[in-house]
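A.B. asks: this one's sequence-less:
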Ligand code: RP5
């Protein structure tokens, strides 16, 4: 039987300095009762560990990967190059970013054949929601929670006009 307990999201980031941003993905996954694991894997500083992580991701039970990095942000694309799981990229405005565009474009402008679903700069919350939506395509319980979440968003805007 498919349920949210059998899906797991892998959240990875290039450095501990990305953690504060990436925690937003973990928090929203917790709201949807979706399991996740979080770790630091660097494309440039631990390339072999990154490849091992990406190659084993499916067998280790992951359903979706969320990868965040700043500056010359190669982590999401490199993980996507060897994994058939959907990869969601979070560009991060890090200390070594010029202005954030460097990270956005490094993650966004992937060549044909190797997609990375890129969210907004520092948009880890949306990465978590998108991961939930992917899981919600086959897990009715998550789909139901997403529907409630969207209804709350709608109600909040409606309240602005009262
Ligand atoms: C990137 O370099 C990381 O994803 C991080 O955003 C940035 C800076 O890393 P630290 O120098 O803070 O470790 O690879």
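C.D. replies: Arrived safely, thanks for sending. Computed from a prediction, not measured in an experiment: that's the story for all the values here. Numbering: from 1, shown residues only.
A.B. asks: doesn't residue 130 lie inside a helix?
C.D. replies: Yes: counting by DSSP: H, G, I helix; E, B strand; the rest coil, residue 130 is part of a helix.
A.B. asks: that one and residue 119 touch, don't they?
C.D. replies: Yes: counting by C-beta atoms under 8 Å, residue 130 touches residue 119, with 6.8 Å between them. Yep, even glycine has a C-beta here, placed from its N, CA and C like the rest.
A.B. asks: what do these two both touch?
C.D. replies: Residues touching both residue 130 and residue 119 by C-beta atoms under 8 Å, 6 or more residues apart in numbering: residue 88.
A.B. asks: please say which of these two ends up with more neighbours.
C.D. replies: Looking at residue 130 and residue 119 with other C-beta atoms under 10 Å, you find the greater number of neighbours at residue 119, namely 24 against 19.
A.B. asks: can you list the weak-confidence ranges in this structure?
C.D. replies: For the chain, the stretches flagged by pLDDT under 70 are 1-5.
A.B. asks: can you list the residues of it near the ligand?
C.D. replies: 13-15, 17-18, 42, 44, 69-71, 92, 94-96 (C-beta under 6 Å from any ligand atom).
A.B. asks: buried subset of those?
C.D. replies: 13, 14, 15, 18, 42, 69, 70, 71, 92, 94 (16 or more other C-beta atoms under 10 Å).
A.B. asks: quick check: phi and psi on residue 18?
C.D. replies: phi -90, psi -10 (degrees, to the nearest 10).
A.B. asks: and the longest helix seen in the chain, what does it pack onto?
C.D. replies: Determined from DSSP state H, the single longest helix within the chain is helix 140-159. Applying 3 or more C-beta pairs under 8 Å, 6 or more residues apart in numbering; DSSP states H and E, we find helix 140-159 packed against helix 124-136.
A.B. asks: tilt between the helix it packs on and helix 140-159?
C.D. replies: Counting by axes from the mean of the first three to the mean of the last three C-alpha atoms, to 10 degrees, helix 124-136 lies at 140 degrees to helix 140-159.
A.B. asks: show me how far helix 124-136 is from its chain's centre.
C.D. replies: Helix 124-136 sits 7 Å away from the centroid of its parent chain (C-alpha atoms, centre = their mean, to the nearest Å).
A.B. asks: check stretch 114-130 too.
C.D. replies: Stretch 114-130 sits 5 Å away from the centroid of its parent chain (C-alpha atoms, centre = their mean).
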